[in-house]
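S.K.: return a 3D structure for these sequence lines:
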Amino acid sequence: MDWSQHAIPPMRLEPRFGDRVVPAFPERPGSLWAMIADAVAQNGDGEALVCGATRLSWREVAEKSAKVAAGFARLGLAPGDRVAILLGNRIEFVLTMFAAAHAGLVTVLLSTRQQKPEIAYVLNDCGATLLVHEATLADRIPDAADVPGLKHRISVSDDGASQFAGLADNAAAQAPAQVREEDTAMILYTSGTTGRPKGAMLAHCNIIHSSMVFVSCLKLTKSDRSIAAVPLAHVTGAVANITTMARCAGALIIMPEFKASEYLKVAARERVSYTVMVPAMYNLCLMQPDFDSYDLSSWRIGGFGGAPMPVATIEKLDAKIPGLKLANCYGATETTSPSTLMPGELTAAHIDSVGLPCPGAEIIVMGADGRELPRGEIGELWIRSASVIKGYWNNPKATVESFTAGFWHSGDLGSIDAANFVHVFDRQKDMINRGGLKIYSAEVESVLAGHPAVVESAIIAKPCPVLGERVHAVIVTRTDVNAESLRAWCAERLSDYKVPETMALTSEPLPRNANGKVIKRQIRESLSAIGT
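M.R.: Here you go, the predicted structure:
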């Protein structure tokens with residue numbers, strides 16, 4: 001089965017990044033800013049961004065973004081320079097991102113959950129010239145001596161002291177910078193098994209292709225209204241929400257943070273029709289005692305990913321919102337998300353699948369010997385498409401290790417059945433999936449290793465009925481230390497969702513195999529046996 005029964009625009013084979021040949025939409029915008037200009041031409045007076053009491057049309061968004069772009073120029077920024085964004089879900093996030101596209105700059109997205117050491121590493125690795133940040137996060141900003149390349153810092157706040165207002169107080173830049181489709185538009189850092197984050201380079205053509213896939217497969221139009229309940233700094237927020245709504249010229253309703261009770265109020269009031277969230281968010285909405293009091297009849301597409309959707313959740317949503325079609329979206333930062341989509345009408349019949357390969361996507365299952373496996377057999381999923389990134393910023397070694405002839409090695413174990421549906425069975429070894437937020441154990445273990453009382457540690461997943469998994473730590477200590485102090489140590493150095501929520505402290509060494517490697521399977525079995 002494929003997408004031939006859907007009205008997908010035709011594609012043609014084109015070269016990408018030198019040595020790749022992939023299917024691409026021939027009729028497409030030439031850059032991220034060109035896509036925004038198209039939205040203005042298509043629906044200039046239509047709502048583009050809604051956040052609280054603020055409502056902006058596409059024309060107003062473009063004008064404000066061009067003014068911020070002029071502010072960048074006054075600061076001396078030139079095309080190709082990196083602008084880091086450390087903002088929560090707010091309109092200024094989108095304006096900064098679009099202004100960077102107008103000025104030919106590269107946006108580097110930072111999570112508001114990141115701590116000072118993590119932020120310093122990213123700023124130095126990408127060579128950011130400017131940081132736009134929440135004023136309330138000033139204490140997380142690294143000292144000037146620790147980020148010598150960072151020349152400018154602009155704070156954003158909701159009061160009159162916001163420095164961002166001054167940045168935007170310029171005559172609009174007239175002509176957008178000239179960029180090539182394969183130029184990097186955005187860098188998103190992903191954790192690696194070594195614990196060192198890697199900067200995935202999303203080119204203009206990657207973002208445009210993914211946005212066009214969302215629009216065509218989900219049949220989005222300028223009448224659609226999306227709600228950004230996930231962080232905008234994640235690939236889902238940046239692409240599935242921001243740039244996808246730019247492509248269809250619809251409206252994006254921004255929630256500063258997800259709270260199920262508030263989400264239902266906003267979704268009903270704004271007549272939301274399209275969302276992409278993790279399954280835990282849908283579950284939390286259904287758990288609200290007043291769920292049935294909200295008119296959610298306009299909600300027609302419920303994208304989800306990051307974790308399996310429980311069958312009970314699908315059945316409850318179908319009973320309560322008959323017009324809602326749930327669509328599994330499987331992808332990653334490296335694929336500019338998504339790589340597969342499940343047609344909403346097929347979700348119930350294929351609940352064990354993450355969907356069909358997206359139009360133009362080629363997904364193969366590779367064995368340990370580097371050869372493709374037959375249909376139905378399990379191996380590592382390799383993905384090639386016009387949305388797959390060219391590589392990692394300033395990290396050619398990681399790029400070589402992760403890509404082969406344009407195929408990205410996902411690290412996920414899966415299979416493809418006879419009907420072309422993709423199945424994912426396991427994730428990269430030792431990765432924890434906490435409600436869609438991915439955590440690599442090596443990174444947490446590295447932080448714990450720096451504590452003077454810690455001999456060694458093993459980070460494993462603890463099952464959770466709501467989030468899927470939570471972070472559990474087994475820690476071998478050398479002195480008298482308590483879990484609270486170890487958790488505080490981690491909280492100062494890691495994003496909050498990476499901090500172990502439960503800990504088992506011991507003086508006994510961790511179990512190891514003949515090669516000296518920790519046997520995490522044995523630790524997981526012990527955790528399960530005691531029911532912790």
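S.K.: what about the helices in the stretch 251-400 of the chain?
M.R.: With DSSP state H, counting those that start in this stretch, the ranges of helices along the stretch 251-400 of the chain come out as 260-269, 279-286, 311-320, 396-402.
S.K.: reformat the ones you listed as CSV; add mean neighbour count.
M.R.: C-beta coordinates here come from the backbone N, C-alpha and C atoms, glycine included. Formatted as CSV, the helices of the stretch 251-400 of the chain follow (neighbours: other CB atoms under 10 Å):
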stretch, mean neighbour count
helix 260-269, 16
helix 279-286, 21
helix 311-320, 14
helix 396-402, 14
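S.K.: among these, which is nearest residue 304?
M.R.: Relative to residue 304, the nearest member of the helices of the stretch 251-400 of the chain by CB to CB is helix 279-286, separated by 5.5 Å.
S.K.: hmm, who's touching the closest one?
M.R.: 229-230, 258, 260, 263-264, 291, 302, 304, 306-310, 313, 316-317, 320, 435-436, 466-468 (CB atoms under 8 Å, 6 or more residues apart in numbering).
S.K.: repeat for stretch 129-148
M.R.: Residues outside stretch 129-148 that contact it (CB under 8 Å, 6+ apart): 72, 75, 77, 81-88, 92, 96, 112, 114-116, 119-120, 123-124, 128, 149-157, 161-162, 164, 167.
S.K.: among those, which are located in strands?
M.R.: In this view, the contacts of stretch 129-148 that belong to strands under DSSP state E are 82, 83, 84, 85, 86, 152, 153, 154, 155, 156.
S.K.: list the contacts of the third one.
M.R.: Pointing back at residue 84 there. 107, 108, 109, 110, 122, 123, 126, 128, 130, 131, 132.
S.K.: could you flag which of those residues are buried?
M.R.: 107, 108, 109, 110, 122, 123, 126, 128, 130, 131, 132 (16 or more other CB atoms under 10 Å).
S.K.: tell me the one of those nearest residue 342?
M.R.: Using CB to CB, the buried ones among the contacts of residue 84 come closest to residue 342 at residue 109, 26.6 Å.
S.K.: now that closest one. Its backbone dihedrals?
M.R.: Taking degrees, to the nearest 10, you get phi -90, psi 120 for the backbone angles of residue 109.
S.K.: my read is that residue 385 contacts residue 362, right?
M.R.: Yes - with contacts counted by CB atoms under 8 Å, residue 385 reaches residue 362, the gap being 6.5 Å.
S.K.: which neighbours do these two have in common?
M.R.: What both residue 385 and residue 362 touch, as defined by CB under 8 Å, 6+ apart, is the set residue 22.
S.K.: higher neighbour count, the two?
M.R.: residue 385 (29 against 16; other CB atoms under 10 Å).
S.K.: how about the buried ones among the contacts of residue 84 in a markdown table, adding pLDDT and distance to residue 397?
M.R.: Listed next are the buried ones among the contacts of residue 84 as a markdown table, based on pLDDT from 0 to 100; distance: CB to CB, whole Å:
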| residue | pLDDT | distance to residue 397 |
| --- | --- | --- |
| 107 | 98 | 25 |
| 108 | 98 | 20 |
| 109 | 97 | 23 |
| 110 | 96 | 24 |
| 122 | 96 | 18 |
| 123 | 98 | 21 |
| 126 | 98 | 17 |
| 128 | 98 | 22 |
| 130 | 98 | 28 |
| 131 | 98 | 27 |
| 132 | 98 | 31 |
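S.K.: so which of those belong to helices?
M.R.: Counted as lying in helices by DSSP state H, out of the buried ones among the contacts of residue 84, are 122, 123, 126.
S.K.: mind putting those residues into a markdown table with distance to residue 142?
M.R.: As requested, these are exported to a markdown table (distance: CB to CB, whole Å):
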| residue | distance to residue 142 |
| --- | --- |
| 122 | 10 |
| 123 | 7 |
| 126 | 13 |
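S.K.: from those, which is closest to residue 38?
M.R.: residue 126 (28.6 Å).
S.K.: nearest residue to residue 117 in space, please, no chain neighbours.
M.R.: residue 493 (5.4 Å; CB to CB, 6 or more residues apart in numbering).
S.K.: helix, strand or coil for the one you found?
M.R.: Following DSSP: H, G, I helix; E, B strand; the rest coil, we place residue 493 in the coil state.
S.K.: picking up where we left off before, nearest to residue 440, of the contacts of residue 84?
M.R.: residue 122 (15.7 Å).
S.K.: OK, contacts around the closest one?
M.R.: Counted by CB under 8 Å, 6+ apart, residue 122 has contacts 84, 108, 110, 114, 128, 189, 197, 199.
S.K.: swap in residue 327?
M.R.: Counting by CB under 8 Å, 6+ apart, residue 327 makes contact with 218, 301, 302, 303, 304, 341, 342, 343, 344, 347, 355.
S.K.: hmm, try it at 6 Å
M.R.: 303, 341, 342, 344 (CB atoms under 6 Å, 6 or more residues apart in numbering).
S.K.: of those residues, which belong to strands?
M.R.: Per DSSP E, the contacts of residue 327 map to strands at 303, 341.
S.K.: returning to that earlier point: what sits against the residue nearest to residue 117?
M.R.: 115, 117, 447 are the contacts of residue 493 under CB under 6 Å, 6+ apart.
S.K.: could you dump these into a markdown table and include pLDDT, neighbour count and distance to residue 497?
M.R.: Converted to a markdown table, the contacts of residue 493 look like this (pLDDT from 0 to 100; neighbours: other CB atoms under 10 Å; distance: CB to CB, whole Å):
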| residue | pLDDT | neighbour count | distance to residue 497 |
| --- | --- | --- | --- |
| 115 | 92 | 19 | 12 |
| 117 | 93 | 14 | 16 |
| 447 | 87 | 25 | 14 |
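S.K.: which among those gets closest to residue 461?
M.R.: residue 447 (17.4 Å).
S.K.: in space, what's closest to that closest one - neighbours in sequence excluded?
M.R.: residue 493 (4.9 Å).
S.K.: what number of residues lie near residue 136?
M.R.: So residue 136, with other CB under 10 Å, has 13 neighbours.
S.K.: can you classify it by secondary structure?
M.R.: helix.
S.K.: for the stretch 301-450 of the chain, give me the ranges with low pLDDT.
M.R.: 307-308, 426-430 (pLDDT under 70).
S.K.: just to revisit the earlier point, and which of the ones in helices among the buried ones among the contacts of residue 84 is nearest to residue 20?
M.R.: residue 126 (23.9 Å).
S.K.: can you select the buried ones from the contacts of stretch 129-148 in PyMOL?
M.R.: The following PyMOL line selects those of these that are buried, judged by 16+ other CB under 10 Å:
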select buried, resi 72+77+81+82+83+84+85+86+87+88+92+96+112+114+115+116+119+120+123+128+150+152+153+154+155+156+162+164+167
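S.K.: just to revisit the earlier point, any chance of the buried ones among the contacts of residue 84 in CSV, with distance to residue 521 too?
M.R.: Converted to CSV, the buried ones among the contacts of residue 84 look like this (distance: CB to CB, whole Å):
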residue, distance to residue 521
107, 41
108, 37
109, 35
110, 35
122, 33
123, 38
126, 37
128, 41
130, 46
131, 42
132, 44
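S.K.: the longest helix belonging to the chain to strand 82-86, inter-axis angle?
M.R.: The longest helix of the chain (DSSP H) is helix 58-74. Put simply, helix 58-74 runs at 120 degrees to strand 82-86, going by axes from the mean of the first three to the mean of the last three CA atoms, to 10 degrees.
S.K.: thanks again, I'm all set now.
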